[in-house]
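*Asks:* when you get a sec, could you give me coordinates for this:
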Amino acid sequence: MHQERKFAIFLDIDGVFNHDSTSTIEINKVIKEQINGDRYHAFRCDGCDICSKAQAYLFDKSSVQCFEELIEKINQVAQVHIILSSSWRLGRTVEQIKQIFNMYKFSEFIIDKTTEELSSFADWKDFCVVQHFDAKNGFPLEILANGDINDSNYLNSLVHLTMRCRASQIKQWLHQHPGYICYLIIDDYDEHLSQNFNDNFISTYHDSHFLLNSSDTQKAYQYFKSCIQ
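*Replies:* Numbers count the residues shown, from 1 in each chain. A predicted model of the protein is given here:
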């Protein structure tokens, strides 16, 4: 039964594990002590894989622990598949992403990332969330208000903009990967997520405070149990 059940978690990083206030000095210290030994970056961190790996060492340990305990419980009865939806995925392969997070157990469960590719207008209509798309008329809401439906360049530029919406990207991934008993989305920023995914969305934004906590993971596990009952 375990092998037949697959459970997807769409995972954000900033605002979930990363409080995004780590200094260049802290990151450089980790690079020196944890990653490259005698190599020390005395310049501003620029988002390269080395700097990102160093920043990952500085994730909130309590938040990561909560997440890994959630995975462990779910994995007892279903295969956990993590799909990275965070901007940390951009320009990186899945293997590069796993290497950046390989100091944490959860990295072993990362199997994919949401798309970076830009869809055509025809494909986009299948995946776009209702906040961008007027199904009755078959055109994006912004075009109905301001654009020329016969201008293909305008159509494509608008599609490329709105397909960066996280809810649309997740919807596209789910459409292309059937067979999951259920899924969760863990994110601090509600980019049309609650409107489209309801209880599948676990927000890590708590009255001006961020990061995943035990209340979030308890809520997530309760939702998971409702999926398998």
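*Asks:* find me the pLDDT at the most centrally placed residue in the chain, would you?
*Replies:* Residue closest to the mean C-alpha point of the chain, counted by C-alpha atoms, centre = their mean, is S85 at 2.2 Å. With respect to pLDDT, S85 has a value of 97.
*Asks:* which pLDDT does the model give V80?
*Replies:* For V80, the predicted pLDDT is 97.
*Asks:* repeat that for N28.
*Replies:* At N28, the pLDDT recorded in the model is 76.
*Asks:* would you verify that it is located in a helix?
*Replies:* Yes - under DSSP: H, G, I helix; E, B strand; the rest coil, N28 falls within a helix.
*Asks:* excluding chain neighbours, give the residue nearest to D126 in space.
*Replies:* H175 (6.7 Å; C-beta to C-beta, 6 or more residues apart in numbering). C-beta: built from backbone N, CA, C; applies to glycine.
*Asks:* quick one: list the elements packing against the helix or strand harbouring the one you found.
*Replies:* Using DSSP states H and E, H175 sits within helix 166-176. In terms of contacts (3 or more C-beta pairs under 8 Å, 6 or more residues apart in numbering; DSSP states H and E), helix 166-176 is packed against strand 6-11, helix 121-127, strand 182-187, helix 193-197.
*Asks:* what is the first one packed up against?
*Replies:* Applying 3+ C-beta pairs under 8 Å, 6+ apart, one finds that strand 6-11 contacts strand 79-84, helix 166-176, strand 182-187.
*Asks:* is it true that the residue nearest to the centre of the chain touches I13?
*Replies:* No - counting by C-beta atoms under 8 Å, I13 is not a contact partner of S85; they are 9.0 Å apart.
*Asks:* joint contacts of those two?
*Replies:* With C-beta atoms under 8 Å, 6 or more residues apart in numbering applied, the contact sets of S85 and I13 do not overlap.
*Asks:* L70 versus H19, what's the distance?
*Replies:* According to C-beta to C-beta, to the nearest Å, H19 and L70 sit 19 Å apart.
*Asks:* of those two, which one has the most company?
*Replies:* L70 (24 against 15; other C-beta atoms under 10 Å).
*Asks:* wait, what's in contact with that one?
*Replies:* Counting by C-beta under 8 Å, 6+ apart, L70 has contacts 217, 220-221.
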